[in-house]
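**Student:** Got a sequence here, can you build the structure:
(one chain, ligands or ions: 1)
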Amino acid sequence: MNRLRIISGHLCPAGSSELRRDLRSSACGSTAGCSGEDVVVVHGRRTAIGRAKRGGFKDTTPDELLSAVMTAVLTDVGLPPDKLGDVCVGNVLQPGAGALMARVAHFLSGFPETVPVYTVNRQCSSGLQALLNIAGAIRSRTIDLGLACGVESMTLRSMNNPGDLSSRLSDHQKARDCIIPMGLTSENVAERFGISREQQDSFSLSSHQKAARAQNSGRFDSEIVPVSVTLVDDEGRERQVTVSKDEGIRTGTTLAGLSKLRPAFKPDGSTTAGNSSQVSDGAAAVLLGRRSAVEALGLPVLGVLRASAVVGVPPDMMGIGPAVAIPAALQQAGRVLCGETGNPAGESESQRGRHRSGSSSGMHRSPTGGHAAE
Ligand SMILES: CC(=O)SCCNC(=O)CCNC(=O)[C@H](O)C(C)(C)COP(=O)(O)OP(=O)(O)OC[C@H]1O[C@@H](n2cnc3c(N)ncnc32)[C@H](O)[C@@H]1OP(=O)(O)O
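**Tutor:** Numbers count the residues shown, from 1 in each chain. Model prediction:
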């Protein structure tokens, strides 16, 4: 709820101040202005985010991580699994986008075979796509209740295998751009939008500081499902640990420390281990339903899904996706970001037009789309 309050504080109503109040009341599950057909969020849990290859989940398979959150969400609200109309799992790296892994997790969680499960891969926004798929099935009345999940073990799978691609790739620039390593797409964004190393480091510092404050004051505790796992050390010795804290947060981060780090992807670049997104292992699950069905079962309502948007962006700077998709989702919901001119990072109108007409289909290392839901 606190996060929803903070996010709603970033929004300016497109028309009147009444809209801001509407967002808050619907986020609180109030019935004011609501319909029984609303797609509502009932509950959600996640694992801690583990450091890939060196963290608490390095020896844990993703079906176990997924099963931990699937089980916790239903147990918390007392919902028998046979009430679920469908389960959708977002995954990028596991073979077959994790289809086998998801069905195994499903049975490890005690779900009956009559409840279906499928997986979806929309690169970085695969978990969000799972949520929108479940929401779409609720809206079309295919199901009443569904579980949307996301899971990744970056320890067990590599991002660096592009698979089988056409030799004609080299003839087409956009196609060629799809295999640019993500670190270099980050360098492209920094260069093209003039985001200096200092700006990246100071954003990273403030992100670590905020996350550390939240962790230390226990704000993440209720959303994290503690997972007990076996860890194997370098000598092959096993020990049991319970992972319940995010491992990527560095409480001792300083600007001086960040500024000493070498560029990770390009000798004269500005993306470093300190200001990059990290390589992680973890899982999350969210229970969604039609308001009428949710209320009939006496389940809580955390929020309402009002709008969403998917927008394609150029593959050589795929990281700008959210800057284009969030305003599009807000526009659909009749809201705008405070100070937002609809122009991500100072692009020209013609650039934006090109992005929007771009493909939204994901490619191996360079996702091409942005994704947002409100
Ligand atoms: C939508 C999307 O997110 S798409 C993007 C998907 N994700 C990616 O592409 C991942 C991009 N990131 C990466 O590939 C990796 O994080 C890399 C290559 C940049 C760095 O990988 P690693 O070397 O494993 O990073 P790691 O976190 O271990 O840090 C390496 C060193 O940098 C230094 N360092 C990292 N963070 C900090 C910090 N905040 N302050 C000071 N030093 C730091 C430390 O010396 C650290 O070594 P230590 O852990 O032994 O102390």
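**Student:** Please count neighbours and contacts with C-alpha atoms only from this point.
**Tutor:** OK.
**Student:** is the residue in the stretch 1-150 of the chain that the ligand sits nearest to in a bridge, and if so with what?
**Tutor:** When distances are taken as Cα to the nearest ligand atom, the stretch 1-150 of the chain approaches the ligand most closely through C124, which lies 4.6 Å from it. In this structure, C124 has beta-bridge partners R122, where bridges are defined by DSSP bridges.
**Student:** what is the mean pLDDT for stretch 256-274?
**Tutor:** On average, the pLDDT along stretch 256-274 is 98.
**Student:** my bad, stretch 309-321
**Tutor:** The average pLDDT within stretch 309-321 is 96.
**Student:** residues near the residue of the stretch 1-150 of the chain closest to the ligand, how many?
**Tutor:** Neighbouring residues of C124 were enumerated by other Cα atoms under 10 Å; the total is 20.
**Student:** ok, now the one 10 residues further on?
**Tutor:** The tally of other residues near I134 (other Cα under 10 Å) stands at 29.
**Student:** Next: S158.
**Tutor:** If we define neighbours as other Cα under 10 Å, then S158 has 11 of them.
**Student:** Hmm, it is touching V92, no?
**Tutor:** No: contact between S158 and V92 fails when scored by Cα atoms under 8 Å: they sit 10.5 Å apart.
**Student:** for stretch 285-301, the distance to its chain's centre please.
**Tutor:** Counting by Cα atoms, centre = their mean, to the nearest Å, stretch 285-301 is centred 22 Å from the centre of its parent chain.
**Student:** Tell me which residues are up against it.
**Tutor:** Residues outside stretch 285-301 that contact it (Cα atoms under 8 Å, 6 or more residues apart in numbering): 28-29, 35-46, 66, 69-70, 73-74, 77, 131, 134-135, 138-139, 144-150.
**Student:** thinking again about what came up before, tell me the pLDDT at the residue of the stretch 1-150 of the chain closest to the ligand?
**Tutor:** With respect to pLDDT, C124 has a value of 93.
**Student:** cool, and D171?
**Tutor:** Confidence per residue is given as pLDDT, and for D171 that number is 94.
**Student:** gap between it and D177?
**Tutor:** Here the distance between D171 and D177 works out to 11 Å (Cα to Cα, to the nearest Å).
**Student:** Compare the two and say which one has the larger neighbour count.
**Tutor:** Residue environment comparison for D171 versus D177 gives the larger neighbour count to D177, 21 against 9, counting by other Cα under 10 Å.
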